[in-house]
Every structure is written in C-alpha cells, then in structure tokens.
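> make a model of this:
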Amino acid sequence: MIPNATLGRPSTRRDFLKRSVAAAGAAALPWFLPARALGKDPAVPSPSQRITLGAIGIGGMGSLDLTGLLHQPDVHVLAVCDVKEGNLRHAVAMVNGQYGNQDCAVHRDWRELMARADLDAIYCATPDHWHALISIAAAQAGKDIYCQKPMSVTIAEGRAVADAVRRHGIVYQSGTQRRSQPNYRFCVETARSGRIGKLLHVENRMGGSPGPDSPRVTAPPPEINYDMWLGPAPWEPYCDVRVSGAFRFISDYAGGSMTDMGAHYNDIAQMLRPSFLDAPATFQVKKARFHQHGIFDTAFGYDVVATYDDGLEIRMFEGDKGIRWVGTEGWIDLADEGQVTAQPASILKDIQVNTHWTAVAQHHRNWLDCVKTRARPAADAEVAHRSTTLSHAANIAMRLGRDLLRWDRHAERFVGDDDANRMLARSMRAPWTL
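Okay, the predicted model is just below:
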C-alpha cells in the first residue's frame with residue numbers, strides 16, 4: 001500500500017496507440033534524430049500517437065537513459081521528478097532543450113507525478129530500495145513502466161511487483177539491457193548450440209567493491225530531500241557517500257556487486273534455461289568477506305556457486321566484469337566493455353561487435369513497442385524477478401554464512417532453513433509498506 005498517493009487512472013490515449021499502425025511503424029526510425037519541433041516533421045508521429053512519459057530518478061543512469069528516451073520520436077517527456085535539485089535542473093534543461101519550449105513539469109515527490117492523468121508511462125531510475133514501491137504504484141495507476149535494475153531489494157518485493165504487473169495488466173520492462181545486446185545473445189546462442197560442447201558452467205565476474213569508508217556525518221544540504229531519499233529504508237544520519245552511487249554497497253538500499261552486476265549477468269545466465277521460471281536448486285558459498293567497520297556492509301571478495309538440477313553451475317565472484325561460458329570443447333567470453341574472445345577462435349568468425357548504447361536503444365525500443373501492442377517485453381516482471389532471485393539468494397547465503405542453501409523454485413522458499421526464509425522480506429520504515 002502506497003501512503004497518501006492519489007493514483008491516476010489509465011489514459012484512453014493508450015487504446016488509440018494500440019490501434020495506430022503509424023505509431024507501430026515508428027520502430028523502424030533511427031535511434032538518434034536531430035532535435036526539432038515535434039509534430040512538424042513527417043517522420044515524427046503526431047501528438048496523439050506519442051507515448052507521454054514521466055521520469056523519476058534522473059541522476060546517473062537516469063540522466064543517460066533520459067537522453068535516449070528524449071530521442072525516441074514517439075515519446076514525449078512531460079514531467080521529471082527527483083529529490084536532488086541539481087538533478088532536476090539538469091533534466092529540465094535537457095527536456096526543454098529537446099522540445100524547444102519551457103513546458104517540462106517538475107515534481108519533488110514521485111506520488112505527485114504518478115497521479116498525473118496525462119502520463120501513459122513511467123521511467124524509474126531511483127536507488128534500488130525504491131524500485132518495488134514505485135513499480136507497484138505504476139501498476140495500480142495503470143501506467144506502464146521501465147524500471148532500472150535490480151527490480152527489488154528482496155525476493156518478496158520482486159514477487160509483489162510481478163504479481164501487481166500481472167494483476168493490473170501493465171507493460172513492465174526491467175533495465176537489464178544486456179539481454180537485448182547482440183553480443184550477449186550471440187554468446188548465449190553459441191553456448192546453447194553445442195559449439196563449445198556440453199555446457200559445464202558459467203562464470204559471472206561481478207566487478208569489485210569499495211574498501212571500508214567511515215564518512216563524516218553532516219546535516220543534509222538544502223539541495224536534497226533526505227527523508228524522501230531514505231523513503232522505506234531505516235533512518236540513518238546523512239553523509240554525502242550514502243546518497244552517492246556508492247549506495248549500492250549499503251545493504252539498506254541495495255545488495256552490493258551481487259545485485260548491481262548480478263542483475264545483468266545472472267539474467268544472462270537464466271537465458272540459457274529452457275524456461276525463465278527455472279532456478280538453481282542449491283547455493284554454495286565458497287568464500288565471502290564483510291568489512292568490520294565503515295558504511296559499506298555488503299559482501300565482497302566472494303565466490304558463490306549456484307547449481308541447477310541438471311548440474312549446470314553458475315559461478316558468481318568478484319573480478320573484472322564479464323561472463324565466460326565453459327563447455328567440454330571450449331569456451332566463449334564476453335568482457336563488459338564488449339570484447340568477445342573464444343576457444344576455438346573459429347567460433348567468432350561471423351560476429352559483429354555492437355556498442356553498449358546500441359543495446360540500450362534496442363531495449364528501450366522493445367519496451368515502447370510493447371506499450372503500443374501490449375505484447376510481452378524482453379525483460380518483463382516475471383523474468384526480472386526470477387533472474388534477480390539468484391542474486392538475492394546468494395546474498396542471503398553469504399549473510400548467514402551458510403555452506404549450502406537449498407531453494408524451492410515453485411514455493412519460492414528455502415528448504416528447511418527458517419533463518420533464510422525470514423530474510424525473504426524486510427520491514428519498511430513507516431508509513432511505507434508493500
């Protein structure tokens with residue numbers, strides 16, 4: 001339940017968009033178009049054919065994605081929301097500069113933006129601990145949503161999002177754009193095809209974690225609404241590091257590198273399975289470390305092995321970002337910056353390397369097309385939930401110091417471990433609840 005939120009209702013414009021052949025044809029338009037007055041160029045859809053969008057969380061990745069969405073010809077960004085004034089100023093300048101006007105609305109409370117009746121869809125790139133609440137509110141409001149990864153900070157939150165999306169019939173896309181990148185798809189198909197023999201295991205290299213840090217506590221500056229930034233998370237004294245991108249390594253808000261890059265790489269590993277509903281049966285912790293002091297309290301230097309019923313292993317550890325698929329007859333490796341290597345090298349004969357931002361464009365485009373057609377997007381809520389569960393289960397195993405945890409994918413509970421099952425969910429700071 002979202003407190004004090006007057007939720008908007010689905011716009012009747014969506015029915016028009018679904019029927020519009022002209023709108024569906026926008027998928028063939030180029031990714032980056034020159035800035036120009038919308039509606040005056042025959043290649044640009046008319047106002048009635050555009051998806052009206054509000055953006056929540058517009059710093060960092062939110063700013064980058066907003067840039068891309070502004071260049072989609074069938075999108076019109078009407079409003080932006082953030083708790084940081086600097087992010088708002090930057091985003092408003094971007095939006096108004098793109099459209100050549102001063103019409104971008106500003107909100108500092110995402111509930112006000114969500115209540116707008118003139119929005120078809122939401123883009124969300126807040127810190128992770130807000131993702132589930134905002135996604136559920138979008139579903140309740142009948143607004144489609146593209147939400148940055150990971151979709152949740154607990155397994156219970158992910159289930160609640162997936163259920164709300166299904167119940168209200170909205171189009172949800174997780175920001176796991178790597179599954180839309182040709183490089184990743186090439187590697188997955190190579191691993192599935194038998195060209196490296198029988199697949200034995202997948203190595204997910206999650207990057208690294210920061211060292212211990214005990215930043216100075218200060219009063220929140222007037223440029224940020226710190227209470228809203230914390231939202232459902234426990235109250236803690238303000239420090240600049242807490243509200244920076246380093247929030248990913250504080251367990252109140254995220255799950256460290258295991259959920260930051262694991263949301264991507266474990267999602268790619270799940271693409272190997274016959275069904276996205278599949279999941280590993282066991283999680284084995286080979287090593288995991290935690291800082292003894294400082295603000296960063298997520299696991300680092302870890303090595304966790306998740307094993308499916310058929311014996312396939314997903315090995316999750318910190319290291320230079322990338323994935324390696326290992327088979328009985330060779331391997332194929334994809335570094336995070338896009339470099340693909342393989343043994344035997346002949347596997348790479350026909351591959352064409354594509355850039356990271358091409359992947360984002362395709363992932364955005366897939367979501368926007370599905371908003372119009374009501375088809376299932378590439379990374380819908382159930383897919384995202386099942387993939388993110390791998391990261392959350394691994395974090396639970398590390399936090400408890402378990403050598404082995406058994407997972408029942410049907411019940412979505414651990415087998416015979418009450419302590420682990422109590423960590424499927426967490427309480428929220430009042431007045432916020434699921």
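
> stretch 249-258: end-to-end distance?
10 Å (C-alpha to C-alpha, to the nearest Å).

> now it: average pLDDT?
Per-region confidence: stretch 249-258 scores 98 on mean pLDDT.

> what are the contacting residues of it?
Applying C-beta atoms under 8 Å, 6 or more residues apart in numbering, the contact partners of stretch 249-258 are 127-129, 150, 153, 206-210, 233-234, 236, 242, 247-248, 260, 262, 295-300, 302, 304, 316, 318, 391-392, 394-395, 398. For the C-beta atoms, the positions are set from N, CA and C on the backbone; glycine is no exception.

> let's see which of the residues you listed end up in helices.
Under the assignment DSSP state H, these contribute D260, G262, S391, H392, A394, N395, M398 to helices.

> the second one against S391, yeah?
Meaning G262. Yes: applying C-beta atoms under 8 Å as the test, G262 and S391 come out as touching, 3.8 Å apart.

> any residues in contact with both of the two?
Counting by C-beta under 8 Å, 6+ apart, the residues touching both G262 and S391 are P150, G255, M316.

> report all helices and strands that the helix or strand that contains A162 contacts.
Using DSSP states H and E, A162 sits within helix 155-168. Secondary-structure packing of helix 155-168 (3 or more C-beta pairs under 8 Å, 6 or more residues apart in numbering; DSSP states H and E): helix 131-140, helix 381-400.

> mind doing that once more with 10 Å?
helix 131-140, strand 144-147, strand 172-174, helix 381-400 (3 or more C-beta pairs under 10 Å, 6 or more residues apart in numbering; DSSP states H and E).

> list the buried residues of that helix.
I155, A156, E157, G158, R159, A160, V161, A162, A164, V165, H168 (16 or more other C-beta atoms under 10 Å).

> which residues are in contact with W407?
155, 279-283, 306, 389-390, 393, 396-397, 413-415, 417, 420 (C-beta atoms under 10 Å, 6 or more residues apart in numbering).

> quick check: it vs R273, distance?
14 Å (C-beta to C-beta, to the nearest Å).

> hmm, back to that, ok, so of the ones in helices among the contacts of stretch 249-258, who is nearest K287?
Top of the list for closeness to K287, among the ones in helices among the contacts of stretch 249-258 and by C-beta to C-beta, is M398 at 9.1 Å.

> that closest one - how many residues pack around it?
26 (other C-beta atoms under 10 Å).

> one step back: compute the inter-axis angle for the helix holding A162 and helix 381-400.
On the basis of axes from the mean of the first three to the mean of the last three C-alpha atoms, to 10 degrees, helix 155-168 is oriented at 170 degrees to helix 381-400.

> for helix 155-168, give the mean pLDDT please.
98.

> using PDB, write out every CA atom in that helix.
Written as PDB, here are the backbone C-alpha positions of helix 155-168 (Å, rounded to 0.1, in the frame of the first residue of the first chain):
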ATOM      1  CA  ILE A 155      12.700 -11.700  -3.100                       C
ATOM      2  CA  ALA A 156       9.400 -10.800  -1.500                       C
ATOM      3  CA  GLU A 157       9.400  -7.400  -3.200                       C
ATOM      4  CA  GLY A 158      10.100  -8.900  -6.500                       C
ATOM      5  CA  ARG A 159       7.200 -11.300  -6.200                       C
ATOM      6  CA  ALA A 160       4.900  -8.400  -5.200                       C
ATOM      7  CA  VAL A 161       6.000  -6.400  -8.300                       C
ATOM      8  CA  ALA A 162       5.500  -9.400 -10.600                       C
ATOM      9  CA  ASP A 163       2.000 -10.000  -9.100                       C
ATOM     10  CA  ALA A 164       1.000  -6.400  -9.400                       C
ATOM     11  CA  VAL A 165       2.100  -6.200 -13.000                       C
ATOM     12  CA  ARG A 166       0.100  -9.300 -13.900                       C
ATOM     13  CA  ARG A 167      -3.000  -8.200 -11.900                       C
ATOM     14  CA  HIS A 168      -3.200  -4.700 -13.500                       C
END
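
> helices or strands up against the helix or strand A269 falls within?
Here A269, judged by DSSP H and E, is contained in helix 262-270. Helices and strands in packing contact with helix 262-270 are listed as helix 182-193, strand 199-207, helix 257-260, strand 300-307, strand 313-317, strand 319-327, helix 381-400; criterion 3+ C-beta pairs under 10 Å, 6+ apart.

> reformat those as JSON lines; add distance to A93.
Below are the helices and strands packed on helix 262-270 laid out as JSON lines (distance: least, C-beta to C-beta, whole Å):
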{"stretch": "helix 182-193", "distance to A93": "33"}
{"stretch": "strand 199-207", "distance to A93": "32"}
{"stretch": "helix 257-260", "distance to A93": "28"}
{"stretch": "strand 300-307", "distance to A93": "38"}
{"stretch": "strand 313-317", "distance to A93": "40"}
{"stretch": "strand 319-327", "distance to A93": "32"}
{"stretch": "helix 381-400", "distance to A93": "32"}
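
> low-confidence stretches in this structure?
1-44, 350, 352-360 (pLDDT under 70).

> center of it, which residue is that?
K149 (1.5 Å; C-alpha atoms, centre = their mean).

> surely that one meets S135?
No: K149 sits out of contact with S135 when judged by C-beta atoms under 10 Å, with a separation of 11.6 Å.
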